[in-house]
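> After the sequence you'll find the predicted model.
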Amino acid sequence: QHLKQMKNEKGMTLVEVLAVLVILALIAAIAIPMIGNMISDSQKKSELNDALNIIAAAKLADANGDAKGSDDKYTKDELVGGGYLDNSATTFTSVEKTDKQWVISGYQFDKNTDLKGKNATESELKTALKNLK
């Protein structure tokens, strides 16, 4: 009779519960660092795209012949005042065209440590963005 009762009981044994916990712990140990890397990469991509958008605004101002920028050089105030850039854009000093290459100066690269404290050219930004994909 006792054996019949045990066969009819539903539930999991302690060994089964421990096996499930071990499997979940392994999955978490693999997934958490991957998620952290994805977040870090997306922050870096966002920063690079922001800088590229600022350069695109300067290119648009230049193509429109905006007189505010002198000698192919535009400050944040000039781009915002001309309606080419939103005022909420990240702080930067200027964007200028030198030797047929657009360069952003004074941009605060917080996530992309390779570019921190540097003036970045458009091609450097595109290359850094390409390397993250």
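Arrived safely.
> C-alpha from now on. contacts and neighbour counts both.
Noted.
> Give the rounded mean pLDDT of stretch 50-67.
Stretch 50-67 carries an average pLDDT of 87.
> Which element is encountered next along the chain beyond the helix or strand of the chain with the lowest mean pLDDT?
One helix or strand of the chain scores below all others by mean pLDDT, DSSP states H and E: helix 2-8, with a mean of 67. The helix or strand immediately downstream of helix 2-8 is helix 14-63, counting by DSSP states H and E.
> Poorly predicted segments of this structure, please.
Along the chain, segments meeting pLDDT under 70 span 1-9, 66-70, 89.
> looking at the sheet around Ile104, what are its partners?
Beta-bridge partners recorded for Ile104 (DSSP bridges): Val95, Ala120.
> That one: what's it in contact with?
Shown in contact with Ile104 (CA atoms under 8 Å, 6 or more residues apart in numbering): Ala51, Ile55, Phe92, Thr93, Ser94, Val95, Glu96, Asn119, Ala120, Thr121, Glu122.
> go on, Leu132?
Neighbouring residues of Leu132 by CA under 8 Å, 6+ apart: Asp41, Lys45.
> hmm, back to that, just the closest of the contacts of Ile104 to Tyr107, please.
Phe92 (4.2 Å; CA to CA).
> Looking at neighbours, which among the contacts of Ile104 is most surrounded?
Val95 (29 neighbours; other CA atoms under 10 Å).
> That residue contacts Val103, correct?
Yes: with contact defined as CA atoms under 8 Å, Val95 reaches Val103; the gap is 5.6 Å.
> shared neighbours of those two, anything?
Ile55.
> Quick check: buried residues in stretch 124-133?
Leu125, Ala128, Leu129 (16 or more other CA atoms under 10 Å).
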